[in-house]
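> Just need the structure, nothing else, for what follows:
(2 chains)
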Amino acid sequence: MTTLSGTFSKEKTEEKVFAPKPYSNPYIVGVGLGLVLLASFLIMGRGLGASGAVSTVVAVAVEKTAPEHAAKNNFYKEYLGDGTTNPLKDWLVFEVIGVAIGGFLSGSLAHRIKGKVEKGPNVSTRTRLIYAFVGGSLMGFGAKLARGCTSGQALTGGAFLNLGSWAFMMAVFGGGYLFAYFVRRQWL
Amino acid sequence: MMPLYKFNFFGMDASLVIAVIIGIGFGFALERGGFGNARILAAQFYFYNMRVLKVMFTAIVTAMLGLFYFTWIGWLDLSLVYTTDTFLVPQIVGGLILGIGFVIGGYCPGTSVVSAATGRYDGMSFFVGFFFGVFVFGEIFPLIENFYNSTPMGRVLLPEFFGISHGMVVFLVVVMALGAFAAAEWGEKVRFKITGRVKE
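The predicted model follows:
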């Protein structure tokens, strides 16, 4: 009985320490992620995505500020739909809202929610934030040109054995490894 | 009878609820894997933490085997599952730009959402940048529309392209993934011996 209560009190003190827990085993996470993707295929008949949601929001914002300008552009038109339904009532927009909730939930449970900047020791916060913006912009452009990002093409198309997705995935790793040398100061 | 949505098991409004639930699973898994942290994602490109490769390939193999299994037992009609058409050259060029953006910015769109949701300012900056990049693409779209639609190949999957059976491609991808995992584990050990750098 004493040992039992001993373990209980030990567990309690451990819970009071809010140190971030280590990340989970990558293979187990991979199986979990794969099952989420499979569920999406089986239930919805489509995979996961992220960049499409941003395209919809951008298209709606452009349409609200300059309707004529948006109407002349085939890219925006594709995301605005035919006008019978609200374009924001879009599967990917709702999915990305879920991604934010899921990330927050997981981070909360593991005490990993923290206002900070992730960077290597040899670069200033300011530089890191600028790099993040520049990298994000390049990725926005690249993702649209490739018809999807790491979620929609590499992950979803990869599992679906889509030819374009596999070519895309090789190009992503190729581009990353080729350019890594030039930004090593940011990370190492 | 699958995919359920295509057989009208539920309507559009229910599909949006499912979207949120699937998104929660997606975001949860990404955060668990350490993908809300740019240092872990970028480490992939310097060979000292191969988490990205391990998680991505395990996920791809898991979903691929599931798709193959459910098609094989006749529950899933693969032709009803949406996949993007292949436009080979723009997709390769887009992939290269995206890869460069990845190593500069440290995230991809989905992971930057998780990063921002867990309080990372660099993730938020990246996400705003992503909006800007999509906006720039949209604005110059009329100029690059021809290139965007070049080398169209339609809906083409690896088995058709290489002229081998679906099962054979699945088998080869599994073998390739196992080889990549072994190489990644070995590479991390070698990297540790040389630099003494502990992975997170």
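
> Now do the same contact list for the most centrally placed residue in chain A.
Geometric centre of chain A, nearest residue: A:Ala50, 6.2 Å, by C-alpha atoms, centre = their mean. A:Ala50 sits next to A:92, A:96, A:99, A:149-152, B:108-110, B:113 when contact means C-beta atoms under 8 Å, 6 or more residues apart in numbering or on different chains. (C-beta placed from N, C-alpha, C; glycine too.)

> Same check on B:Val113?
Contacts of B:Val113 (C-beta under 8 Å, 6+ apart): A:50, A:96, A:99-100, A:103, B:27, B:123, B:127.

> is it true that A:Ile43 lies in a helix?
Yes - remark: A:Ile43 belongs to a helix, assigned using DSSP: H, G, I helix; E, B strand; the rest coil.

> roughly how far apart are it and A:Pro121?
Using C-beta to C-beta, to the nearest Å, A:Ile43 is found at 45 Å from A:Pro121.

> What helices and strands are in contact with the helix ranked longest in chain A?
If you go by DSSP state H, chain A has its longest helix at helix A:125-145. Packing contacts for helix A:125-145, counted by 3 or more C-beta pairs under 8 Å, 6 or more residues apart in numbering or on different chains; DSSP states H and E, involve helix A:51-65, helix A:184-187, helix B:88-105, helix B:109-117, helix B:121-148.

> Out of the ones you listed, point me to the one whose mean pLDDT is lowest.
Comparing the helices and strands packed on helix A:125-145 by mean pLDDT, the weakest confidence falls on helix A:184-187, with a mean of 90.

> Could you point out which residue ranges in chain B have low pLDDT?
For chain B, the stretches with pLDDT under 70 are B:197-200.

> In it, where's the longest helix?
helix B:166-195.

> For that one, which residues meet the burial criterion?
Applying a neighbour-count criterion of 16 or more other C-beta atoms under 10 Å in any protein chain shown, the buried positions in helix B:166-195 are B:166, B:169-170, B:173, B:177, B:180-181, B:184, B:188, B:191.

> Which among the helices and strands packed on helix A:125-145 is found nearest to B:Glu160?
helix B:88-105 (14.3 Å; C-beta to C-beta).

> if you look at the closest one, does any of it touch chain A?
Yes - residues of helix B:88-105 contacting chain A under C-beta under 8 Å from any C-beta of the partner chain: B:88, B:90-105.

> For stretch B:5-18, measure first residue to last.
Using C-alpha to C-alpha, to the nearest Å, the end-to-end distance of stretch B:5-18 comes to 10 Å.

> ok, now which ones touch the spatially most central residue of chain B?
Taking C-alpha atoms, centre = their mean, the centroid of chain B lies closest to B:Met56, which sits 6.9 Å from it. Applying C-beta under 8 Å, 6+ apart, we find B:Met56 in contact with A:30, A:154-155, A:158.

> With A:Leu105 instead?
Per C-beta under 8 Å, 6+ apart, neighbours of A:Leu105: B:24, B:27-28.

> ok, and it, which helix or strand is that part of?
helix A:91-109 (DSSP states H and E).

> List the residues that contact residue 94.
Went with chain A since none was named. B:16-17, B:19-20, B:23.

> Switch to chain B, please.
Here B:Gly94 is in contact with A:142-147, A:168, A:171 (C-beta under 8 Å, 6+ apart).

> Roughly how far does it sit from B:Gly138?
15 Å.

> List the backbone torsions phi and psi for B:Pro152.
Dihedral pair for B:Pro152: phi -70, psi 130, per degrees, to the nearest 10.

> thought it was touching B:Val89?
No - between B:Pro152 and B:Val89 no contact is recorded; they are 10.0 Å apart, counting by C-beta atoms under 8 Å.

> near chain B, anything from the helix or strand that contains A:Tyr27?
Under the criterion DSSP H and E, the helix or strand holding A:Tyr27 is helix A:26-44. Yes - contact between helix A:26-44 and chain B, assessed by C-beta under 8 Å from any C-beta, occurs at A:26-27, A:29-44.
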